[in-house]
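S.K.: Sequence first, predicted coordinates after that:
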Amino acid sequence: MIDSIETRALAEEAEAEAAEALAEAARARAERLRAEAAEPQDKRRRLRRPGWSTVVAVLAVFVTAASLAASGYVTWHHREAMHRQQQSAEFEAAARQIAITLMSIDAAKAEESVKQILDSSTGQFHEEFKSASEDFVKLTQDGKVVTDVKVKAAAVESMTEDSATVLVTTTSTVTNAAGADKQPRAWRLSVDIVRDVGRLKMSKMEFVP
């Protein structure tokens, strides 16, 4: 926004200079015409020819104005692209960490896992998980569940200034009381991230094909 204002200001300044140059050219022409009226015919013809310097000066001012406007737009576009890249990287990093927090389970630290998940979430997901947290802890401890999760990739599907939907691909291995054999399994998660009081948190998560 600031770059756009600065660009308009520079363009307006250049246009003002062009207008001043045109006015100066008009005054010079008026003086030349008055001088021609008092000169012989052959000298008038000679006086009419000069004037290219004024035209060139005016054109130079307009070219400068156009160049400034184009340069300002390129600068603004570059900064906007950089800002969006930084935003995208920020949302992707948050989604990666949230996926690990959500899917990493250790029966010996079940209550701590619940706290981390609640701290990383907001909205409806937060409320629903909070209401089911006791059952989650009991199920994890009774089954002696331990999972190891690795994030393979994360990519923003859609994004605004304060929210994004991120697709996260993970693999996990599981051990439990039932004798799970640690065979790796692949998962794809669609994670909705929102900015909540300055922090990026998960507001929704679903497994996708």
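M.R.: Perfect, I can see it now. Numbering: from 1, shown residues only.
S.K.: Kindly state the pLDDT recorded for Ser121?
M.R.: For Ser121, the model assigns a pLDDT of 96.
S.K.: which residues does it bridge with?
M.R.: According to DSSP bridges, the partner residues bridging Ser121 are Met202.
S.K.: show me what contacts it?
M.R.: Neighbouring residues of Ser121 by Cβ atoms under 8 Å, 6 or more residues apart in numbering: Ile98, Phe129, Lys201, Met202, Ser203. Bear in mind the C-beta positions are built from the backbone N, C-alpha and C, glycine included.
S.K.: Distance to Val168 and pLDDT added to those residues, as a markdown table?
M.R.: Converted to a markdown table, these look like this (distance: Cβ to Cβ, whole Å; pLDDT from 0 to 100):
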| residue | distance to Val168 | pLDDT |
| --- | --- | --- |
| Ile98 | 8 | 95 |
| Phe129 | 18 | 92 |
| Lys201 | 15 | 97 |
| Met202 | 11 | 96 |
| Ser203 | 15 | 96 |
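S.K.: Mind giving me the ChimeraX select for those residues, buried ones only?
M.R.: Selection of the buried residues among those in ChimeraX, burial being defined by 16 or more other Cβ atoms under 10 Å:
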select :98,129,201,202,203
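S.K.: Please parse this structure into its domains.
M.R.: 2-83, 105-207 (automatic domain parsing).
S.K.: Can you tell me which of these has the worst average pLDDT?
M.R.: With a mean of 61, domain 2-83 has the lowest mean pLDDT of the domains of the chain.
S.K.: returning to that earlier point: possible to save the contacts of Ser121 as JSON lines with distance to Thr165?
M.R.: Formatted as JSON lines, the contacts of Ser121 follow (distance: Cβ to Cβ, whole Å):
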{"residue": "Ile98", "distance to Thr165": "13"}
{"residue": "Phe129", "distance to Thr165": "19"}
{"residue": "Lys201", "distance to Thr165": "14"}
{"residue": "Met202", "distance to Thr165": "11"}
{"residue": "Ser203", "distance to Thr165": "10"}
